[in-house]
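Enquirer: this one's sequence-less:
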């Protein structure tokens, strides 16, 4: 198996988990009944605008959306994302496992992972290959214990693998997936698709999408529906120029219902920095709205329209870290 494709496969799985587990805080236990969209838009007020914007930014920026993954070579990564990266690496780097079709792998400390692999060629990934993992109290010594199911399917694969110019699509299905770390549990249920396109260097395009993903964190159930995130990376400059466009509906009891998010102006950053330009529009009940404006790589401004008349009734300026901290 070609190393560049191995890394891209791992990167696709990492992107899927960033959407699933994001940058949000972990909590005391999973909600066994994850919610879907409430169907009722939240009313945006001057009091709740900042926490709503923080929750939206947490989804839009994720945990590393602005960290480039081209030519990725992941180190050990803690937390839920690291769990899946490690799991994907076990598959991508173990042709003998693929040849065996199935195996029960002991985890480093306690527990196990039951793996079923359906592939056309054990030495080379192919479109239609399926990797099914069932984690059973798996503790690999990273500080996280994992339970639940994950099925990864290669949905697209084409291009020139030798020159690292290819299209790779991976669909990840999570079922009762739970990660417990430090006595706190994060959960995810749903399907996330990732498409990585490196066929037109120096541009890499990554698209992450889901029709519905339910998560549990801090004992609170949330849902993201109709999510699309398109990330473009231009490696002709240093640091890598990153551009992100996104749209989704976020449903959470912490914001009082649903909000609809769209990109008014692409978010742009240099390397792994926060966006220095770009706008997101957050729409609630009665066309109430928040416009999130990147001022530079450190600061962001919120312009708030509470009655939907198009005139802003208030604003706030803060650092990106302060804004994302509101989602914790």
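Expert: The structure has been received and is ready for your questions. Bear in mind the structure is a predicted one, so any value in this text is a computation, not a measurement.

Enquirer: do you know how far the residue nearest to residue 289 when sequence neighbours are not counted is from residue 246?
Expert: Nearest residue to residue 289, sequence neighbours excluded (Cβ to Cβ, 6 or more residues apart in numbering): residue 305, at 4.7 Å. No exception for glycine: its C-beta is placed from N, CA and C like everyone else's. In this structure, residue 305 lies at 21 Å from residue 246, with Cβ to Cβ, to the nearest Å as the measure.

Enquirer: The nearest residue to residue 110 once chain neighbours are set aside: neighbour count?
Expert: What sits nearest to residue 110 in space, not counting adjacent residues and going by Cβ to Cβ, 6+ apart, is residue 139, at 4.8 Å. Here the number of neighbours of residue 139 (other Cβ atoms under 10 Å) works out to 16.

Enquirer: mind listing what residue 139 touches?
Expert: The contact partners of residue 139, taken as Cβ atoms under 8 Å, 6 or more residues apart in numbering, are 107, 108, 109, 110, 111, 145, 146.

Enquirer: Could you do residue 228 as well?
Expert: Residues counted as contacts of residue 228 (Cβ under 8 Å, 6+ apart) are 207, 208, 209, 246, 247, 248.

Enquirer: And for residue 110?
Expert: Taking Cβ under 8 Å, 6+ apart as the test, what residue 110 contacts is 137, 138, 139.

Enquirer: any idea which of the residues you listed is closest to residue 201?
Expert: The nearest member of the contacts of residue 110 to residue 201, counting by Cβ to Cβ, is residue 138 at 37.3 Å.

Enquirer: Could you pull out the helices in the stretch 51-200 of the chain for me?
Expert: Assigned by DSSP state H, counting those that start in this stretch, the stretch 51-200 of the chain shows helices spanning 79-92, 95-100.

Enquirer: same thing with the stretch 201-328 of the chain?
Expert: Assignment of helices within the stretch 201-328 of the chain using DSSP H, counting those that start in this stretch yields the ranges 320-325.

Enquirer: what about it, any weak spots by pLDDT?
Expert: Low-confidence segments of the stretch 201-328 of the chain, defined by pLDDT under 70, span residues 218, 328.

Enquirer: ok, how many other residues are close to residue 189?
Expert: Counted with other Cβ under 10 Å, the neighbours of residue 189 add up to 22.

Enquirer: Check the spacing between it and residue 162 real quick.
Expert: From residue 189 over to residue 162 (counting by Cβ to Cβ), the distance is 38 Å.
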